[in-house]
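# Sequence unavailable; structure follows:
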């Protein structure tokens, strides 16, 4: 879809944001995917539903199936709530000019849009840090308490906590006083990070946040990779790890895509920067990344249970039972004897059994799946033959 960008006369632009050359030359520009409301909703709502399904399924398994809830479950709930809040604000932001060129908006419209985006970005640092902490605390359940992997997870949890605090402080308090973040009439305010009116400083924080997020995501998702290649790893654990790696790959793709996009904006130069026009792509990718990460933390928990339930519904187990009578092969090492009550398990009348005799059942399962069952006794071979003959005749003539 191609549209002609409106001239800067349609609105008033801040002095620190000179209009891009395309606005002055009348060049037609293609609209980014996330700038169109319908596409934004189509790309956001399915991921909201997917993350909720995975998280609720995870909580059901932990709370009702295993009854083993932990800190990682609390972090997932908080991350899910924060991510959903960001998604809701992102979906309504186009009504306030998000996705429209800043040079086509009036100053009151820009200030109102900045307020909406501030509210929408408020939970994002929490979401980005909480799902990372959820995965790390989930890993601590798997690794031995004093292993190197456990120590690495604890150190990374501290790094993520500090990173989240710094990221949150820059996002929540971009200016002093805070109103200066959206009120351009306040000229004596001190602003930094995402509130800086210096485009170069703003882009440095923007790029730094994108790079550190991608780096932490990659490190966290590869920590349990060695478990998959261990011979002792159970099948259900391998399946859970495959789910984790698959979704983790998608999360890292979104993270790297957003990082490359932000770096591209930074290299384009100050004169080409249009915050309300280019930000929806970065915000949309960050939103998808957050929802996939929340789902990634939940899927390995409930997927093995779902797989077992699926197999019970769609897999048929056929059992064939046969009884053979004959000479038991002479393989004493391969035979396991199990004592049973003869009057309880056989049709032979106890009065017909000689006094002092206790029958045994010997079972052997060969490599081909064949099973043979005979009756043995502790007495001598002659008596044993008589008892076997008597038992066989009784069982053969029984109705």
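Cool, got the structure. These numbers come from a predicted model, not from an experiment.

# Count the neighbours of the residue lying closest to residue 118 once chain neighbours are set aside for me.
Once flanking residues are discounted, residue 118 sits nearest to residue 181: 6.3 Å by CB to CB, 6 or more residues apart in numbering. All C-beta atoms are positioned from the backbone trio N, CA, C, and that covers glycine. Residue 181 has 21 neighbouring residues, counting by other CB atoms under 10 Å.

# cool, and the one 10 residues further on?
The number of residues packed around residue 191, counting by other CB under 10 Å, is 18.

# residues in contact with it?
For residue 191, the contact set (CB atoms under 8 Å, 6 or more residues apart in numbering) comprises 174, 175, 176, 180, 181, 197.

# Lowest-confidence member of those residues, which is it?
Lowest pLDDT among the contacts of residue 191: residue 197, with 76.

# so that residue, which of the three states?
coil (DSSP: H, G, I helix; E, B strand; the rest coil).

# my read is residue 67 is in a strand, agree?
No - using three-state DSSP, the assignment for residue 67 is coil, not a strand.

# Distance of it relative to residue 60?
As for residue 67, its distance to residue 60 is 11 Å (criterion: CB to CB, to the nearest Å).

# More neighbours: which of the two?
residue 60 (14 against 8).

# Quickly find the element holding the more buried one.
Per DSSP states H and E, residue 60 falls inside helix 37-60.

# What helices and strands are in contact with the following helix or strand past that helix?
Counting by DSSP H and E, the element after helix 37-60 in chain order, helix or strand, is helix 71-92. Applying 3 or more CB pairs under 8 Å, 6 or more residues apart in numbering; DSSP states H and E, we find helix 71-92 packed against helix 37-60, helix 107-121, helix 124-142, helix 275-314.

# which ones are touching residue 70?
So residue 70 contacts 62, 137, 141 (CB under 8 Å, 6+ apart).

# Make JSON lines from those and add neighbour count, distance to residue 81 and pLDDT to it.
Shown next, in JSON lines, are the contacts of residue 70 (neighbours: other CB atoms under 10 Å; distance: CB to CB, whole Å; pLDDT from 0 to 100):
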{"residue": "62", "neighbour count": "19", "distance to residue 81": "17", "pLDDT": "80"}
{"residue": "137", "neighbour count": "20", "distance to residue 81": "17", "pLDDT": "87"}
{"residue": "141", "neighbour count": "10", "distance to residue 81": "23", "pLDDT": "81"}
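
# wait, which of these is closest to residue 163?
Nearest to residue 163 among the contacts of residue 70, counting by CB to CB, is residue 137 at 16.0 Å.

# what are the ranges of the strands in the stretch 201-350 of the chain?
336-339 (DSSP state E, counting those that start in this stretch).

# Can you point out the buried residues in stretch 156-175?
Neighbour counts over stretch 156-175 (16 or more other CB atoms under 10 Å) mark 156, 157, 160, 163, 164, 167, 168, 170, 171, 174, 175 as buried.

# Show me where the stretch 201-350 of the chain dips below the pLDDT cut-off.
Within the stretch 201-350 of the chain, the segments meeting pLDDT under 70 span 268-273, 300-350.

# at 90 what do you get?
The model of the stretch 201-350 of the chain has pLDDT under 90 over residues 201-211, 213-214, 217-290, 292-350.

# on that earlier part again, show only the entries of the contacts of residue 191 found in strands.
175, 176 (DSSP state E).

# Could you identify the most distant pair in the contacts of residue 191?
Longest span within those, CB to CB: 176 and 197, 13.8 Å.

# most packed of the helices and strands packed on helix 71-92?
helix 124-142 (a mean of 23; mean count of other CB atoms under 10 Å).

# tell me what that one is packed against?
Helix 124-142 packs on helix 71-92, helix 148-172, helix 199-222, helix 275-314, going by 3+ CB pairs under 8 Å, 6+ apart.
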